[in-house]
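Chemist: task: produce atomic coordinates for the following.
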Amino acid sequence: MVVDESGNFVADELIVKFRQGTTDDQKTQIVSSKNASVYKQGLDPTLQLIKVDPAQREQIMQDLAGNPDVEYVEKNTVNRLTENTGGSTFTPPNDPYYQSQWHLQRILAPIVWNYTKGSSNIIVATIDSGVNYNHPDLVGKVLKGRDLVNSDNDPMDDYGHGTRVAGVFGAVSNNGKDLTGTDWHAQILAVKAFDSQGGGNSFRTAHGINWVLQNTLQYPGMKVIILPLYGEFPDETLRRSVKAAIDQGVIIISGTHNSPTPNCFMGYPAAYNNVFAVTGTNKADQWTMGCLGNVDSLGNINNGFRRIAAPSRDIYVLDLNGGAPYLDGGTSYGSAQVGAVASILLSCNGGLTVNVTSALLVGNDDLGQGGYDNTFGYGRINMFKAYNQSYCSLGGRIRASGDVDCNADIALKDSQETLKYINNLEAGTETCGFGVFTPLGDVDNNGSIDNIDALYTSQYVAGLRDIDSLSLIPPEVDSDGDKITDSQEQAYSCLNPNINDADSDPDNDSIHKGSVNINSDNITEIIIGTNPCVFDTDGDYFSDAAESYMGVNPLDSCSETTGSNDEPLDAWPLDFNDTKTVNIIDVLFFGGKVGKPADSEETRRLDLNTDGTINIIDVLQFGQKIGTSCS
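Modeler: Okay, here's the model as predicted:
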């Protein structure tokens, strides 16, 4: 594509919209008379993209505009990726508990808030114990729906659960009070189906769903219902109500039975077909609550639900009567966050239809086993990734500092790839798609990419640091100011949380020799998971830094993949024929590589003296390994 001098238009293209009734022969004659040609035909047969001489573009455009068979003609505008490459432009809210709301950083909500914070035109219904609509951090956000307990139109919460869920979903944000909501602007339609003791039943829950559906004309923006509840037994009335809502295009999100062990039935309505059933995760992205079983006590097997994970442990919630927020846990709060991601997606692009269900299924962080699994389902919600997966990002995929592989998440792999780039083991690039996308590698936005950027990314993954503001998430502290948190340093005997020792190398396993410069300091070892106090963490005769240089796993002394030319995937660097013992066959393979530069994972693993070349010194060192086995 050739861009003109303005940088805003394609130099040699025009878009032509012909009037209805213009024949194909007429179109061809009109275009060819300008020495132009048809480049693309639109789905609309009256719309064409034509190729023109760039020097004649303006004149051709003027001539075509005067043709009575042409409805309009215009330049072809350049669209660009909207990339957040210089640090976030988002100003953190002034809500006092924001920095402690770790779940907002975990699902990368602040990145999306740069582009949309939701819309007051979107309504999310919660069928719960009602909502305290007079709470200072909910004023103006709550629509009074129906009180099914007292049969009136005043769904005031007299138990507290509904107010807590509402606060996680959409507390008034940036008002200097209490919490920041996951969706800043969507309205909450409160339906009270649980009494002052927290008691409810499936009839009231079903009635609540039906009431919402019967009042869609009054609430046209209502597309999501949150059901933070469960029942042990199937109920046809509730099932039919849930199905009716889903058939009308409403997204149903349900909590699952909160249990400290996973081997129990998730409950209804979570188990019903096409319901988003929420599993709870903690700061470390581990399962923490929510029954995973799909067989109820009557033996009914349920397979049609959509399991999804969301932060649910140690979540700050609103106090019913306006007291200080406090920590609580439950898949109800995970459900509120899933609902908020859905409402954010529904609000984007000025009402453009968005396949929210599809975005929620694919726009997540894959935890546990690769792909769908029975613990995390489709993964833990990631608002950033869901936004990019949906039509919200038609104007260009948004980017975030730390996401150096450009896959719309911030993971430990990004941190490790950054380390490889710093040590010249991974290429850098100015475009997404290959190597480390360097504009996103400068996490702290100081003009360079270093191990601190990799550390910040890994600390985000561990739930220790906000990747957006870079502030530590309480109760984490850094007493010595070396960027490693006290809790991280306290895990190792050779580190001192009161002494700046981030760049030291107590186990002396760094490599600085010839063309090789692999820094295995404390920061690096904490990121990759090796022990900064131990020269060879996995005990396989190769130092942690040497194995990182070789491109093998410094945490596993023996795991291997079988097959030829697969050594870069193996943990045992020199066992080329996969016998788990170094023998003559391995020596012969090694000898064939002498004289080659150590410039790839395959050849670096043979450069035992780490001088950048495979030579006779390496062969001699290799000979000392013959007969060695991994264990």
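Chemist: which helix or strand in the protein has the lowest average pLDDT?
Modeler: Every helix and strand in the chain was compared by mean pLDDT, DSSP states H and E; the lowest is helix 601-604, with a mean of 72.
Chemist: next secondary structure after it?
Modeler: Helices and strands here follow DSSP states H and E; after helix 601-604, the next one along the chain is helix 616-623.
Chemist: which elements pack onto that next one?
Modeler: In terms of contacts (3 or more CB pairs under 8 Å, 6 or more residues apart in numbering; DSSP states H and E), helix 616-623 is packed against helix 584-591. For the C-beta atoms, the positions are set from N, CA and C on the backbone; glycine is no exception.
Chemist: tell me which residues are up against stretch 285-294.
Modeler: With CB atoms under 8 Å, 6 or more residues apart in numbering as the test, stretch 285-294 has contacts from 106, 255-260, 262-267, 271, 278-282, 301-303, 305, 307, 309, 312-313, 329-331, 334, 365, 367, 374-376, 380, 461, 463.
Chemist: pLDDT of that stretch, averaged?
Modeler: If you average the pLDDT over stretch 285-294, you get 94.
Chemist: again with stretch 70-85
Modeler: 58.
Chemist: again, but for stretch 427-436
Modeler: pLDDT averaged over stretch 427-436 gives 75.
Chemist: one more: stretch 199-213?
Modeler: 89.
Chemist: give me the distance from it to the chain's centre.
Modeler: 33 Å (CA atoms, centre = their mean, to the nearest Å).
Chemist: name the residues of it that are buried.
Modeler: Gly200, Ser202, Arg204, Thr205, Ala206, His207, Gly208, Ile209, Trp211, Val212, Leu213 (16 or more other CB atoms under 10 Å).
Chemist: wasn't the first one part of a strand?
Modeler: No: per DSSP: H, G, I helix; E, B strand; the rest coil, Gly200 lies outside any strand segment and is coil.
Chemist: which non-adjacent residue is nearest it?
Modeler: Phe194 (3.9 Å; CB to CB, 6 or more residues apart in numbering).
Chemist: residues in contact with the one you found?
Modeler: Asp128, Ser129, Gly130, Val149, Tyr159, His161, Gly162, Gly200, Arg204, Leu229.
Chemist: is it in a helix, a strand, or coil?
Modeler: coil.
Chemist: Cys533 contacts Cys494, correct?
Modeler: Yes: here Cys533 reaches Cys494: they are 3.8 Å apart, a contact under CB atoms under 8 Å.
Chemist: touching both of those two, which residues are there?
Modeler: Pro506, Asp507.
Chemist: got the CA positions of the top strand by length along the chain in CSV?
Modeler: Longest strand in the chain, counting residues (DSSP state E): strand 9-18. Output of strand 9-18 as CSV, limited to C-alpha atoms (Å, rounded to 0.1, in the frame of the first residue of the first chain):
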residue,chain,number,x,y,z
PHE,A,9,-4.8,8.4,2.3
VAL,A,10,-3.8,5.6,-0.1
ALA,A,11,-2.0,7.5,-3.0
ASP,A,12,-3.4,5.5,-5.9
GLU,A,13,-6.9,4.5,-4.9
LEU,A,14,-10.4,6.0,-4.9
ILE,A,15,-13.7,4.7,-3.7
VAL,A,16,-16.6,5.2,-6.1
LYS,A,17,-20.3,4.7,-5.3
PHE,A,18,-22.4,4.5,-8.4
